[in-house]
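Kindly return the folded structure for what I paste below:
(one chain, ligands or ions: 2)
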Amino acid sequence: MPDRPAPEPLDYLPTLPRNLDVGIGCIGAGFIMADCHLVAYREAGLQPVAITSRTAENARRVAERHSIGSVYSTYHEMLQDRRVEVVDIAVPPDCLLDVVRDVVKSPQIRGILAQKPLGVCLDQAEQIVQLCRDAGITLCVNQNMRYDQSVRACHHLIHRGDLGDPVLATIDMRAIPHWMPWQQRQGWVTCRIMSIHHLDTMRYWFGNPDRVYASFRTDPRTQFDHHDGIGLYILEYESGLRCMICDDVWTGPAREGAAQAIGITYRVEGTEGLALGEIGWPKYPERTPSTLQYSTTSTGIWHRPQWDQVWFPDAFLGPMAELLVALETDSQPAINGDDNLATMALVDACYQSAREHRAVELDR
Ligand SMILES: NC(=O)C1=CN([C@@H]2O[C@H](COP(=O)(O)OP(=O)(O)OC[C@H]3O[C@@H](n4cnc5c(N)ncnc54)[C@H](OP(=O)(O)O)[C@@H]3O)[C@@H](O)[C@H]2O)C=CC1
Ligand SMILES: O=C1CO[C@H](CO)[C@@H](O)[C@@H]1O
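Ligands and ions are numbered 1, 2, ... in the order given. Below is the predicted model of the structure:
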């Protein structure tokens, strides 16, 4: 076979702001803040200057671990700290709207990074977006699977056209996430917690679907009543593209003694190429980079780009960097609040579809 030029490298890293010194105030000191956000920010030289949590001792412990100078008993006090220009909020979703209502009253705040899900439903998400818009605050939503290195590289591959027209995409999750205590009061195991990443990734890769069909079965291991469980999803696109997601958070009786088969894989087929990926996150805290391999009709071989970065915690730099760049350049981040409304609408539609056993049309 004659030599063919190797494809251009794929983008998989975030763009960093020029000014790393913008003061970040952190609300929440739980897993995601302590073990992911702050680890990634410190590594990149960003400036978390203050932290607060519901339980002051937790905030103090996390401040000490990450050398954060100021600990406040309440976020109201933290919002008086003139150095804080950007607020990073990582509290349970049912507390988010109330926190945002208070944060937007603070005239010095220019940007908010909020966790997914953006409240408990689309209606709350719309209120959050409106509050930020009215206050002139730039809102970024931490749908951070978009910053998983493999997911990001695959986005570049799809949009560069290497794979041709997308035909079929699948994400298959067989992994057991850690449960957070506040999930029980919502009755959510999967869809608003984990599937939201996969649904958002399909939107990131391919745009908005026309309709979705979802089916749930309860997770036999989960002790509390829940509306979802194991989630199966089919997204239909006008172009003919079909996306399928299987989120199996039970993964067989793996915790009960059977041999384990745990992992998250994806596959994107296009008219001119095929991409296969594996997400490294299920092995966290072991640092396991996600992988991507792809082949196209024009090269005929497998390409396997390599990187050392991992989703948890490295990819948590991406959303904050995107917010800071947006503030610096007076532009909207890609993961802005308005964009996230389409993900929240899709998630609401999945719950409706599963409840009513029918496909639900989407108008965003
Ligand atoms: N993007 C991603 O990949 C991930 C996102 N998340 C999201 O981050 C958010 C937080 O998750 P996580 O850190 O794992 O959860 P944790 O339960 O570990 O932490 C929750 C934090 O919120 C505080 N909190 C709890 N209840 C309240 C309340 N009623 N009012 C105010 N604050 C409260 C806790 O305070 P304290 O403990 O000090 O009392 C703690 O600081 C969630 O929205 C979750 O969906 C989570 C994991 C991954
Ligand atoms: O967003 C998320 C990604 O992975 C976590 C697994 O520990 C989830 O719990 C979480 O909500």
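
and residue 73, what pLDDT?
pLDDT, residue 73: 97.

What about it, how many residues nearby?
For residue 73, the number of neighbouring residues by other C-beta atoms under 10 Å comes to 11. Every C-beta, even on glycine, is put in place using the N, C-alpha and C of the backbone.

for the one 10 residues further on, same thing?
Residues contacting residue 83 under the criterion other C-beta under 10 Å number 15.

And the closest residue to it other than its chain neighbours, its phi and psi?
With C-beta to C-beta, 6 or more residues apart in numbering as the measure, residue 23 is the residue that lies nearest to residue 83, at 3.8 Å, once sequence neighbours are left out. Dihedral pair for residue 23: phi -70, psi 120, per degrees, to the nearest 10.

so residue 23 makes contact with residue 85?
Yes - checked against C-beta atoms under 8 Å, the pair residue 23 and residue 85 is within contact range at 5.3 Å.

What is the lowest-mean-pLDDT helix or strand in the chain packed up against?
When the helices and strands of the chain are scored by mean pLDDT, DSSP states H and E, helix 183-186 comes last with a mean of 92. In this structure, helix 183-186 packs against helix 93-103, with contacts taken as 3 or more C-beta pairs under 8 Å, 6 or more residues apart in numbering; DSSP states H and E.

do the helix it packs on and ligand 2 meet?
No - interface with ligand 2: helix 93-103 contributes nothing (C-beta under 6 Å from any ligand atom), its closest point being 9.8 Å away.

What are the buried residues along that helix?
For helix 93-103, burial by neighbour count (16 or more other C-beta atoms under 10 Å) applies to 93, 95-97, 99-100, 103.

Figure out how far the helix or strand following that helix is from the centre of its chain.
Per DSSP states H and E, helix 93-103 leads on to strand 111-115 as the next helix or strand towards the C-terminus. Mean-position distance between strand 111-115 and its chain equals 12 Å (C-alpha atoms, centre = their mean, to the nearest Å).

Grab the CA positions of the helix or strand just after strand 111-115 and hand them over as PDB.
Scanning the chain past strand 111-115 towards its C-terminal end, the next helix or strand to appear is helix 122-135 (assignment: DSSP H and E). The C-alpha atoms that make up helix 122-135 are tabulated as PDB, following Å, rounded to 0.1, in the frame of the first residue of the first chain:
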ATOM      1  CA  LEU A 122     -35.900  21.900  33.400                       C
ATOM      2  CA  ASP A 123     -38.100  24.500  35.100                       C
ATOM      3  CA  GLN A 124     -35.500  25.100  37.800                       C
ATOM      4  CA  ALA A 125     -32.700  25.200  35.100                       C
ATOM      5  CA  GLU A 126     -34.700  27.900  33.200                       C
ATOM      6  CA  GLN A 127     -35.000  30.000  36.400                       C
ATOM      7  CA  ILE A 128     -31.200  29.700  37.000                       C
ATOM      8  CA  VAL A 129     -30.400  30.700  33.500                       C
ATOM      9  CA  GLN A 130     -32.800  33.700  33.700                       C
ATOM     10  CA  LEU A 131     -31.400  34.800  37.100                       C
ATOM     11  CA  CYS A 132     -27.800  34.800  35.700                       C
ATOM     12  CA  ARG A 133     -28.900  36.600  32.500                       C
ATOM     13  CA  ASP A 134     -30.700  39.300  34.400                       C
ATOM     14  CA  ALA A 135     -27.700  39.900  36.700                       C
END
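
The helix or strand following helix 122-135 packs against which elements?
Proceeding N to C from helix 122-135, the next assigned helix or strand is strand 138-142, under DSSP H and E. The helices and strands touching strand 138-142, judged by 3+ C-beta pairs under 8 Å, 6+ apart, are strand 111-115, helix 122-135, helix 317-329, helix 337-356.
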